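Novice: sequence isn't available, so here's the structure alone:
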């Protein structure tokens, strides 16, 4: 029903300018405090030589950016972040997707709910519990997993998952897949529930194989949801700090240092706020570009669906 | 486009926050006589009124309770006073006060991790002199070395609350089983550590832990260099990691890591590291008297088989040396609006009963910073103090003759930065993990430290 403009202006809620601001104000305040202010202050500090232990600072122009872009540790951390993000998201997607498809085929409702609850357990743990548990399981002195592998004769000696520079990043990626796959699974499973059953029946009547049913019925229905999940997981995993920091601290010798840890070390251990801010801005630019690419694809999918 | 904008903003928020992000009850005791009768008990000090905040890092139960009990009693004696206590780990403390300089969120009183951190605070200009408090308690009751470590331009900015020093801890049963004597030189120490290493039985001679989030490699290298009469700092307070002695020391500890340490310790911090000795995984360790309480709580069955000796020397007939003594200070912050309450409360903490209660939380681990307390009957009646009296004497000698790392040149911010930046730890990780040549890695670490000194020291 169309509401006459006169009614809106004459005394309704929308008629009061002050009321509008009262409703919008808190949200704006949150955005200003939690987004605009940190972003602008980070941008400002990135052009200064601000350190943690002194209030005074000078403007140094692009020097921090030059320092960062000529620092080998930055590229090393950036490379690790790309590997960490790519393989974590890919692994979570594959495992979560397979889990969702399997769950979708379970007929018993009780079993289905139980499986769903157990699968989501990794998400119920606080990061500190997850990190400490894995750190204990993989401990290279008396950890359960290395000891088991050695005692079963699979490895000749205790395998150093967390202190071998070649193993540490794959190990962390494995932990992250374990941690993140359930989210993908639950969301994809929810999307699978929305696919009309008659489309599968029609495909079956037309003689479609399982792969063809998946390709032409399942995939088009869930790709937007999966696309959004990939975008969200990419941003979250890219910025993930706690799990890696608590398990390895970025070591050994930077072998598991990702961009967030590089920024933390620069800003908090090194106390170089200006340089850490410059690295943050560079990371931000990269993520914005990545998001633009992702959403270009997702928007195209949405248009095709319409 | 809206989605694009909102996701971009979410990404922006996540990233910008990365650069911007970074306190029990107890019972009270009354009528404590002061350690030094020259000052008036705080309860009689007059009309005190106001609120102060006390940050400390005594996170273990007994120490935390002792402090809380003292604060509760002080507040009961001074109804106009409120003391807000916030407890945080040592590492978090450093982060918090660093951030507080920008945000203004700073305490009135706090502990500091060591005298080096006090100098860092002085460099940041956030402390006020505590000479009146020291004089009220009795300046002559404190170690001159300890006060000198926290003095600048004739004023003293911290009061040592308790002291400890680094000594060599060993397992008497393991040495006996292997027919080994307690090592007195670095060569003997290495040989003994190799002889006792048996990974199949989960036993290692000596852990070398290299996490850049802690200072253990700096500490170990400093032992070696100091035993040879050298220093990790030059007289002009630049870093010195490329001297023959330092290079020899780096090689020594790298070999120790490769042959006697669990590989896992490459990422270990102080707590992870010490736990190895507490649990009987390592035969030797370097630490203060805190080893006793650690072993007691982890493996009480080993308590009769631990002992300590002075740090190994280069040669048997070299003179005695102490490489690292630590005085945990209390400091008063410049932003405090109630320095009179701060002074009265600190004096109250040093009253004999309060002080003994605090020291009893970790006997021998926390040695008294006030002269004469170690002769106090109540102090001496503690069972742990009695059992480990020989060890306490060894640590006390190391306290009296040692300084903080790098303080052999006097107090300096550079000495604090030497231990807080993790540069030497990163150097060890690089050598061990990437096989980087020792001289090359040492030169790179030295250059990095000097750059940090130039940037950070006012």
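Specialist: That came through fine. It should be emphasised that the depicted structure is a prediction, and the values quoted were computed from it without experimental measurement. Numbering: from 1, shown residues only, chains lettered A, B, ... in the order given.
Novice: so which strand or helix has residue B:330?
Specialist: Assessed by DSSP states H and E, residue B:330 sits inside strand B:325-332.
Novice: mean confidence score for that strand?
Specialist: For strand B:325-332, mean pLDDT is 94.
Novice: what does stretch B:138-150 give?
Specialist: The model assigns stretch B:138-150 a mean pLDDT of 89.
Novice: just to revisit the earlier point, can you list the strands that the strand holding residue B:330 pairs with?
Specialist: Strand partners for strand B:325-332, identified by DSSP bridges, are recorded as strand B:109-111 (antiparallel), strand B:159-165 (antiparallel).
Novice: in a markdown table, list the ones you listed along with mean pLDDT and mean neighbour count.
Specialist: The way it works is simple: take the backbone N, C-alpha and C, and place the C-beta from them, glycine included. Output for those, formatted as a markdown table (pLDDT from 0 to 100; neighbours: other Cβ atoms under 10 Å in any protein chain shown):
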| stretch | mean pLDDT | mean neighbour count |
| --- | --- | --- |
| strand B:109-111 | 95 | 25 |
| strand B:159-165 | 95 | 24 |
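Novice: mind putting the ones you listed into CSV with distance to residue A:98?
Specialist: Shown next, in CSV, are the strands paired with strand B:325-332 (distance: least, Cβ to Cβ, whole Å):
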stretch, distance to residue A:98
strand B:109-111, 53
strand B:159-165, 56
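Novice: nearest to residue A:182, of those?
Specialist: strand B:109-111 (42.8 Å; Cβ to Cβ).
Novice: what does the closest one contact?
Specialist: B:52-58, B:93, B:97, B:161, B:328-333, B:336, B:342, B:345-346 (Cβ atoms under 8 Å, 6 or more residues apart in numbering or on different chains).
Novice: mind running it again at 6 Å?
Specialist: B:54-57, B:331-332, B:342 (Cβ atoms under 6 Å, 6 or more residues apart in numbering or on different chains).
Novice: with those residues in mind, which one is nearest to chain A?
Specialist: residue B:331 (15.0 Å; Cβ to the nearest Cβ).
Novice: I'd guessed the closest one sits against residue B:127; true?
Specialist: Yes: counting by Cβ atoms under 6 Å, residue B:331 touches residue B:127, with 5.4 Å between them.
Novice: when these two are compared, which one has more neighbours?
Specialist: Ranked by neighbour count (other Cβ atoms under 10 Å in any protein chain shown), residue B:331 and residue B:127 place residue B:331 first, with 26 against 22.
Novice: so what's the more buried one closest to, chain neighbours aside?
Specialist: Leaving aside its chain neighbours, residue B:331 sits nearest to residue B:158 (4.8 Å; criterion: Cβ to Cβ, 6 or more residues apart in numbering or on different chains).
Novice: OK, contacts around that neighbour?
Specialist: Per Cβ under 6 Å, 6+ apart, neighbours of residue B:158: B:118, B:150, B:329, B:331.
Novice: distance check, it against chain A.
Specialist: Computed as Cβ to the nearest Cβ, to the nearest Å, the residue B:158 to chain A distance reads 17 Å.
Novice: show the pLDDT at that residue.
Specialist: 95.
Novice: against residue A:66, how distant is residue B:120?
Specialist: From residue B:120 across to residue A:66, the span is 28 Å (Cβ to Cβ, to the nearest Å).
Novice: of these two, who's got more company?
Specialist: Legend: neighbour count by other Cβ under 10 Å for residue B:120 and residue A:66, higher for residue B:120 (28 against 12).
Novice: for the more buried one, what are phi and psi?
Specialist: Phi and psi for residue B:120, reported as degrees, to the nearest 10, are phi -60, psi -40.
Novice: that one and residue B:256, how far apart?
Specialist: 30 Å.
Novice: please apply the same query to residue A:140.
Specialist: 17 Å.
Novice: show me what the mean pLDDT comes to for the helix or strand residue B:342 falls within.
Specialist: Residue B:342 belongs to helix B:339-349 when assigned by DSSP H and E. For helix B:339-349, mean pLDDT is 95.
Novice: and after that helix, which helix or strand comes next?
Specialist: helix B:352-359.
Novice: who does the next helix or strand after that next one pair up with?
Specialist: Sequence-wise, the next helix or strand downstream of helix B:352-359 (DSSP H and E) is strand B:367-368. Partners of strand B:367-368 in the sheet, by DSSP bridges, are strand B:159-165 (antiparallel).
Novice: got the contact list for the partner strand?
Specialist: B:130, B:134, B:146, B:288-289, B:325-330, B:366-367, B:369, B:395, B:398-399, B:402.
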